[in-house]
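>>> Fold the following, please.
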Amino acid sequence: MALGSKFKLTLMHKLGLLVSMPLVVNFILYMDMQKRINSLELLIDQLAERRDMMVRANNIITNQYFAIQSLMQFKMFGIQKERENCLRFIKAMDANVQPLSEMLTSSLGNPQLAKRLLAYHEQWQIALKESQFAMDEQNQIASFFDDLERNQRLKRTMIGYLNTLYDVSSEARTAVEKSTAEEGRSKEQLQNLYRLGLIINSLSVLALALIIGYFMVRKVQILGENFERFANDKPLLPPLRAQDELTELDKRFRQMANSIDNFKSMQSEMLQTIASSRDELQTVIDTLPSALFITDEGGKVESINKFAEQLLGINMEYFDEAGLVKAFKIKKEMKANFMQMLLRDATENPVEMEALTSDREIVPVRVSITPFHFESSGQKKYLTAVVDDTEAFKLRQAKSDFFSMISHDMRTPLTTINGVLQMALVDAFGEIPEMAKSKFRLSLSSSSLLLDLINRLLRVEKLAGGNIELFLESADIADIVHDVEKVVLPQLEARQLKLTVDTKSCVTKMDKSYVLEVIMNLVTNAMKYSPDGGQIKVRSVVEEGKEILIEVEDNGPGVPASKRDVIFERFKQADKDRDRKIGFGLGLAICKSIVTQHGGTIGVRDAESGGSRFWVRLPILT
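Residues are numbered from 1 along each chain as shown. Predicted structure coming up:
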């Protein structure tokens, strides 16, 4: 069982234990060492004091010797300086005796010896004064023999004094030797304590380091092996069971590994989905009936789809450095700005162009371009879609041929027929019976109706193809509305219809005749569908100073919501069974073409009265 698991120690606890154990040992050793140092310092002080005692005892003996010697010199030769030296040596003895006696009492604990020292010092001084060696004024050497008893007392006192000093020196020497021995033992014990502390510290640190390090290193090895196993997609080792930071790290690593495994699974599924979607998208792109080109800003082709290869018989190598312009037939001076031209003209609506195959054959196409960005790289690319317009071109050509045929092969004969019938009705070819005239009138009516239909078809085609030329001039929309009102007034009175006009003056540039035709068509349609005695409203206002709004409202049957867009197409009507009796479904198509040519819009919505409200918006041009 792991140490951390048994005692539930975290990594910080283990490191703290590794650090604290030597500190505890050091503290114990420090306290014992401090105690021994204090004892050693006390011992050193005692040793110094005892050595001082020996020095003082020796000083007393030495000074006593020199004092007697100087005294003898003074007595024998009368040298005054020796008398002064003698007094100085005696004074030095006095200075050492009192401290020495105090040391004997305090340091050696021998007050009897201290008292004896003081007593002998005092007796020696008294004996010296009473002896023949006293420094009298006569200084007679012969007096040395006058009283031998006093001299003997001095001798005995000196001997006792010297013996006492010898005892002091001996006891001090013994105490010094004892203190020196104790000092040596204390130093040796201190050294041994140092060695013991070093050994204990080293062993404890080493033991803890080995124990903790073993389990830590083992866990780190397990983590490292798990990293390697995870990198190689192998199963991880069993989780760690302790309660420390490495176990927590192992737990977090396993959570991260599980998250990464889940992410890898999701990523794999996403990649499979992306690959599948990419294949499906590529299939869709390849089957689209459009040639697709991806280019950079300079027009360099970076990718094409299979339809482009099939349509133009080309591949990526076909373009080289020429760019997308090589796939189209355009004027030489326009090649340098080809991409700018596409972006200007083909971004919102496709433009008609001529593409070139690898064999230089011309293919009519419709081209549109869409810019897009790659978020990862920030690069801007362009998708150019090229739609084969061959069939539509053929249809347009056939339609053009058809309308040309109508214009020349039908309208001209019908005009001739109408002219002949009109002449016959006025008896230009002689008198005709009334029954024949009735038949001629019916034929003329049908022929005129057919001729009007042909003229309207040609007019719508001309307007839808943008082949009309607008003569823009400044005109007031209010004047045009009033002109329409004057024209339709007789028809309104015949059906007892009421026309309400509410128009605001606004002058703008427009083709007055075409705009009048639009308003006239809307008003006449309102008259057609309004019941007798009904009401028609015409209103024009300026909105935000930017455009003119024209509204024509009736109280007829209205236009179903499903038909509001288709009624502006050719031959489309809101109710075929009802409306085919009063028109061909071309009037609103003509209105839409004229309004579009002016840059405006047209539409219809329900009126508050229950009928329809047709509206036209024209931009204000200055």
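>>> What's the mean pLDDT across stretch 118-128?
Average pLDDT, stretch 118-128: 78.
>>> With only the CA atoms kept, save that stretch in CSV.
Output of stretch 118-128 as CSV, limited to C-alpha atoms (Å, rounded to 0.1, in the frame of the first residue of the first chain):
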residue,chain,number,x,y,z
LEU,A,118,44.3,38.1,54.1
ALA,A,119,45.5,37.4,57.6
TYR,A,120,49.1,36.5,56.5
HIS,A,121,49.2,39.5,54.2
GLU,A,122,48.3,41.7,57.1
GLN,A,123,50.7,39.9,59.5
TRP,A,124,53.5,40.2,56.9
GLN,A,125,53.0,43.9,56.6
ILE,A,126,53.0,44.3,60.4
ALA,A,127,56.0,42.1,60.9
LEU,A,128,57.9,44.0,58.1
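>>> What residues sit buried inside the strand with the most length in the chain?
Assignment by DSSP state E gives strand 362-373 as the longest strand of the chain. Under the neighbour-count criterion of 16 or more other Cβ atoms under 10 Å, strand 362-373 has 363-369 buried. Yep, even glycine has a C-beta here, placed from its N, CA and C like the rest.
>>> just the strands in the stretch 501-622 of the chain please.
Secondary structure of the stretch 501-622 of the chain (DSSP state E, counting those that start in this stretch): strands at 507-510, 535-543, 547-553, 601-606, 612-619.
>>> what's the longest one packed up against?
Read it as strand 535-543. On a contact count with 3 or more Cβ pairs under 8 Å, 6 or more residues apart in numbering; DSSP states H and E, strand 535-543 meets helix 477-494, strand 498-503, helix 512-529, strand 547-553.
>>> so what does the last one touch, helix or strand wise?
When you say that, I think you mean strand 547-553. helix 477-494, helix 512-529, strand 535-543, strand 612-619.
>>> Show me how the chain divides into domains.
Following automatic domain parsing, one gets these domains for the chain: 24-207, 288-388, 401-464, 473-619.
>>> Save the ones you listed as CSV, and put in distance to residue 273 too.
Shown next, in CSV, are the domains of the chain (distance: least, Cβ to Cβ, whole Å):
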stretch, distance to residue 273
domain 24-207, 60
domain 288-388, 19
domain 401-464, 47
domain 473-619, 39
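>>> Out of these, flag the one nearest residue 259.
domain 288-388 (24.0 Å; Cβ to Cβ).
>>> Tell me how far the closest one lies from the chain's centre.
What separates the centre of domain 288-388 from the centre of its chain is 38 Å, taken as Cα atoms, centre = their mean, to the nearest Å.
>>> Kindly check the end-to-end length of it for me.
Length of domain 288-388, first residue to last, Cα to Cα, to the nearest Å: 11 Å.
>>> Just the closest of the buried residues of strand 362-373 to residue 436, please.
residue 364 (53.7 Å).
>>> So what pairs up with the closest one in the strands?
residue 354 (DSSP bridges).
>>> my guess is it contacts residue 391, does it?
No. If you go by Cβ atoms under 8 Å, residue 364 and residue 391 don't touch, sitting 9.4 Å apart.
>>> Of all the domains of the chain, which one is nearest residue 231?
Residue 231 sits nearest to domain 288-388 of all these, at 26.5 Å, using Cβ to Cβ.
>>> hmm, back to that, Serialize the buried residues of strand 362-373 to TSV and add fields for distance to residue 528.
Compiled in TSV, the buried residues of strand 362-373 are given as follows (distance: Cβ to Cβ, whole Å):
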residue	distance to residue 528
363	47
364	42
365	43
366	39
367	43
368	41
369	45
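>>> Quick check: closest non-adjacent residue to residue 417.
residue 447 (5.2 Å; Cβ to Cβ, 6 or more residues apart in numbering).
>>> Please read off the pLDDT at residue 549 from the model.
Per-residue confidence (pLDDT) for residue 549: 92.
>>> hang on, the earlier thing: let's have the buried residues of strand 362-373 in a markdown table, adding pLDDT and distance to residue 293.
Conversion of the buried residues of strand 362-373 to a markdown table gives the following (pLDDT from 0 to 100; distance: Cβ to Cβ, whole Å):
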| residue | pLDDT | distance to residue 293 |
| --- | --- | --- |
| 363 | 86 | 14 |
| 364 | 88 | 17 |
| 365 | 87 | 12 |
| 366 | 87 | 14 |
| 367 | 89 | 10 |
| 368 | 89 | 11 |
| 369 | 88 | 9 |
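>>> Okay then, goodbye and thanks.
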